[in-house]
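> This is a predicted model, with the sequence first.
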Number of protein chains: 2
Amino acid sequence: MKEPLSLGIAGLGTVGAGLMQLLAEHGRRIGEVTGREIRVAGVSARTRGKDRGIALDGIRWFDDPAALAADPSIDVLVELIGGDEGAPRRAVEAALAARKHVVTANKALLAKHGVRLARLAEKQGVALNFEAAVAGGIPVIKALREALAANEVRRVYGILNGTCNYILSKMQDEGSAFADVLAEAQAKGYAEADPTFDIGGFDTAHKLTILTSLAFGTEVAFDEIHVEGIESITSADIEAADALGYRIKLLGVALRTGSGIEARVGPAMVPKHSAIAEVSGVTNCVAVDGDFSGNLLLIGPGAGARPTASAVASDIVDVARGLVLPPFVTPTAKLAPHKRAKIDGHQGAYYVRLSVYDKPGAMAAIAGRMGDREVSLESIVQRRPRAALPGIDARGTPGSAATVILVTHETTEDAIRQALAAIEKDGKVAERPQMIRIERL
Amino acid sequence: MKEPLSLGIAGLGTVGAGLMQLLAEHGRRIGEVTGREIRVAGVSARTRGKDRGIALDGIRWFDDPAALAADPSIDVLVELIGGDEGAPRRAVEAALAARKHVVTANKALLAKHGVRLARLAEKQGVALNFEAAVAGGIPVIKALREALAANEVRRVYGILNGTCNYILSKMQDEGSAFADVLAEAQAKGYAEADPTFDIGGFDTAHKLTILTSLAFGTEVAFDEIHVEGIESITSADIEAADALGYRIKLLGVALRTGSGIEARVGPAMVPKHSAIAEVSGVTNCVAVDGDFSGNLLLIGPGAGARPTASAVASDIVDVARGLVLPPFVTPTAKLAPHKRAKIDGHQGAYYVRLSVYDKPGAMAAIAGRMGDREVSLESIVQRRPRAALPGIDARGTPGSAATVILVTHETTEDAIRQALAAIEKDGKVAERPQMIRIERL
């Protein structure tokens, strides 16, 4: 047996406590499979006296996580504080400067400073591991760094935010309105009091930016991601999607195109008879299309103390086994700049929901605007409350508005956006058109 | 950049040619992410002159794979011949004896000689990697060895045979009979002329035995697996499953129980609204229940030149990066003997299809036999050809047989088997009862 591996754990919240629990239960197993005993040498957290239900006897306490990181007694800093500046950043930098390995679950820090920190880790010859930063217990970082390292990745996408998936699944299962489900999720603690970060798609974008770098060998570029949230999804969309054979999911998607990387977060339609459509509630998933591997889909718990602790522990296991890889697979010196493909160039089919003033000629005008932009339609369904009437010539009471659902054939985002802008300008619709991308799996 | 890594590839069939293709396309990338150039120094195959559509210029040819394995010019033997004895076994042993790393896709060899070969690899300090041996392009070996190494695995299960899943999916989609779909699969080359190995469940058992050892730290024990195939599945079962909310899949399942490891291959019912139910055609999947990670499900192509080559290449990448792990995670000296839990002790719900002589009292007698063994029933549906009649007291023409579908509450396999044996003995049924386990996901 080699020297023990000494951990310094900064942050004793849910994940930190989960990790202490895991080490207490499986420390011996980890020693057996890595050939190194794992010890917690020091910890740091905001409040010392707090009862966390974990034993800290014989473990040194540090008020300052950066002091813990730099302390000669530790080999690995496990950063579980969270946040892109301040204490966690200082602690990680201090650890790397002192040639200590870093294991972190901090997606915000990586999304903002990932490349710089990776460069430092590579220079110092230490690991910067972050399996827990994306999709909780799903080993997608390992898949991209190792299992798929001999592939050219064409696309990576997934359901990366449990709160949004919980809300969309509930809307689907119960036919409830977005606002009601959100309020319920907040009451249950599944959604924050200010839910913008989750439902606005920003949390998904943080995770997608990390996946994008790993998949395409490009620099981390959070600002280059096109972000839409799920606030605009109504029960009418959920119902219409179901009738058309789809489910609506908040997806993060990054793919190579001729003009760069198209990286986007937004609601998307996926065929309801697909594994990804069955990923419901707080479960996450990540799919990776490799040119040799084909399409791999990994499904699992996206959050929670135990799954996240499992991911953190796997990073520690790698360090104990002596595995030190370039953090973003491609060495930072060879990472390419992120070249953004404009979202306007996105190619695909679209779902559109319009609230159309029920006047003679309205549908013809709408179809005409689509035709002007060479957007061809696969289906048109007109619905009035409590009834669905097919056909584009149906006439209703003048002045009232009918719901019209369109599904386009493959087109470009530019074309569909221009067509919808023209329809709005014509004054044929009572509210802003809804537009959801149909994702080809 | 370190010394180049020299490969000796034994076997240039589909996977061998796929690997040569991958190395030709992505050799540079692999060099970049591993810091070592990968070279093919030698190859071996049965027929030298054959046109395989791959360039072998400048690569040494060996008629004997064992000579290739032992040749000083190679660092890694890549064994892609297949088969549990003869040339592949000799080649792998020669490589390990000469302290060369081994990468293999050979599940049969591992199922039979895995522990002995692993012991030799550990003694020599070299890698024995076999990602491609189970579930093609799905990185499940890496998941069990590394990502989940800090977990106690409770259960591992999956759809591990593409031929069976193709047949069951076709039966589901088209309502066709087993024999017709099998014949079609044979004509298309998806099933062998002698399909016993696949449809009898033995291929799944080979893969399950490897997963079992990795998951539970036990010795490889192919003979301890309870194996059933899909030959007995009829369209009546597929239809009834659908009506009850299930899909039928051939699963390999291994779980810890109080009396040992229950490892079994057989048709199983899974809820139709689950991701695993949507794994159709030749796609494979593996689920791992870890005590911290929760339930992880990995879905991907289970076979094919390119996905398998991707898995082989990931093993080569690991070697190039210097990662040498105990092949079965737990060092062989600490692998526990495989203690088999008898299948009779299996606990779960069951689906039963009976062909009942339509005589007064037949159903009461059947229900009575179930009650004798304390098997309680969740539902009973009686169907006649082209009609489904509910109720247990329906009486038909004496002498004819009606199909009766039972779903039990949780019981033991022992109880259900005894009840069905008694029913057969009573002479109330026209053919052997069908019994399918309902898998709790």
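Alright, I've got the coordinates. Since this is a predicted model, take the numbers as computed values, not measurements. Residues are numbered from 1 along each chain as shown, chains lettered A, B, ... in the order given.

> quick one: is stretch A:110-121 near chain B?
No. Applying C-beta under 8 Å from any C-beta of the partner chain, one finds stretch A:110-121 separated from chain B by no less than 13.5 Å. For the C-beta atoms, the positions are set from N, CA and C on the backbone; glycine is no exception.

> got it, and stretch A:272-281?
Yes. Using C-beta under 8 Å from any C-beta, we find that stretch A:272-281 touches chain B at A:273-279.

> So which bits of the stretch 151-300 of chain A are right by chain B?
A:151-152, A:273-279, A:290-300.

> Among the residues of stretch A:272-281 next to chain B, name the buried ones.
Buried residues within those, counting neighbours by 16 or more other C-beta atoms under 10 Å in any protein chain shown: A:274-279.

> Rebuild those as JSON lines, extending it with secondary structure and pLDDT.
Listed next are these as JSON lines, based on DSSP: H, G, I helix; E, B strand; the rest coil; pLDDT from 0 to 100:
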{"residue": "A:274", "secondary structure": "coil", "pLDDT": "97"}
{"residue": "A:275", "secondary structure": "coil", "pLDDT": "98"}
{"residue": "A:276", "secondary structure": "helix", "pLDDT": "98"}
{"residue": "A:277", "secondary structure": "helix", "pLDDT": "98"}
{"residue": "A:278", "secondary structure": "helix", "pLDDT": "97"}
{"residue": "A:279", "secondary structure": "coil", "pLDDT": "98"}
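
> just those now: which is nearest residue A:107?
residue A:279 (19.6 Å; C-beta to C-beta).

> Quick check: pLDDT value at the residue nearest to residue A:76 when sequence neighbours are not counted.
Spatially, and ignoring its direct neighbours in sequence, residue A:76 is nearest to residue A:101 (4.4 Å; C-beta to C-beta, 6 or more residues apart in numbering or on different chains). pLDDT for residue A:101: 98.

> these two touch, right, residue A:101 and residue A:77?
Yes. Between residue A:101 and residue A:77 there is a contact under C-beta atoms under 8 Å: 7.3 Å.

> Next SSE downstream of the biggest helix by length in chain A?
The helix spanning the most residues in chain A, taking DSSP state H as the definition, is helix A:14-34. On the C-terminal side of helix A:14-34, the closest following helix or strand by DSSP states H and E is strand A:38-44.

> can you list contacts of the helix or strand just after that following strand?
The helix or strand immediately downstream of strand A:38-44 is strand A:60-62, counting by DSSP H and E. Applying C-beta atoms under 8 Å, 6 or more residues apart in numbering or on different chains, the contact partners of strand A:60-62 are A:8, A:41-44, A:48, A:68, A:71, A:73.

> mind listing the helices for the stretch 51-200 of chain A?
In the stretch 51-200 of chain A, the helices defined using DSSP state H, counting those that start in this stretch lie at A:65-70, A:87-97, A:107-124, A:140-142, A:162-174, A:178-188, A:196-199.

> go on, the stretch 301-441 of chain A?
Taking DSSP H, counting those that start in this stretch as the criterion, the stretch 301-441 of chain A contains helices spanning A:305-320, A:362-372, A:413-425.

> Point out the other helices and strands that the longest one packs with.
Contact partners of helix A:305-320 among helices and strands, from 3 or more C-beta pairs under 8 Å, 6 or more residues apart in numbering or on different chains; DSSP states H and E: strand A:5-10, helix A:14-34, strand A:76-79, strand A:101-104, strand A:128-129, strand B:294-301.

> so which of these gets nearest residue A:114?
strand A:128-129 (8.6 Å).

> ok, now how distant is the spatially closest residue to residue A:90 that is not a sequence neighbour from residue B:422?
Distances taken as C-beta to C-beta, 6+ apart place residue A:66 nearest to residue A:90, at 4.5 Å, with adjacent residues excluded. Distance, residue A:66 to residue B:422, by C-beta to C-beta, to the nearest Å: 73 Å.

> For the nearest residue to residue A:348 once chain neighbours are set aside, grab the count of nearby residues.
Leaving aside its sequence neighbours, residue A:348 sits nearest to residue A:437 (C-beta to C-beta, 6+ apart; 5.6 Å). As a burial measure, residue A:437 scores 21 neighbours (other C-beta atoms under 10 Å in any protein chain shown).

> re the thing from before, now the helices and strands packed on helix A:305-320 as JSON lines including mean neighbour count and distance to residue A:164?
Below are the helices and strands packed on helix A:305-320 laid out as JSON lines (neighbours: other C-beta atoms under 10 Å in any protein chain shown; distance: least, C-beta to C-beta, whole Å):
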{"stretch": "strand A:5-10", "mean neighbour count": "25", "distance to residue A:164": "29"}
{"stretch": "helix A:14-34", "mean neighbour count": "20", "distance to residue A:164": "20"}
{"stretch": "strand A:76-79", "mean neighbour count": "29", "distance to residue A:164": "26"}
{"stretch": "strand A:101-104", "mean neighbour count": "27", "distance to residue A:164": "24"}
{"stretch": "strand A:128-129", "mean neighbour count": "28", "distance to residue A:164": "27"}
{"stretch": "strand B:294-301", "mean neighbour count": "24", "distance to residue A:164": "19"}
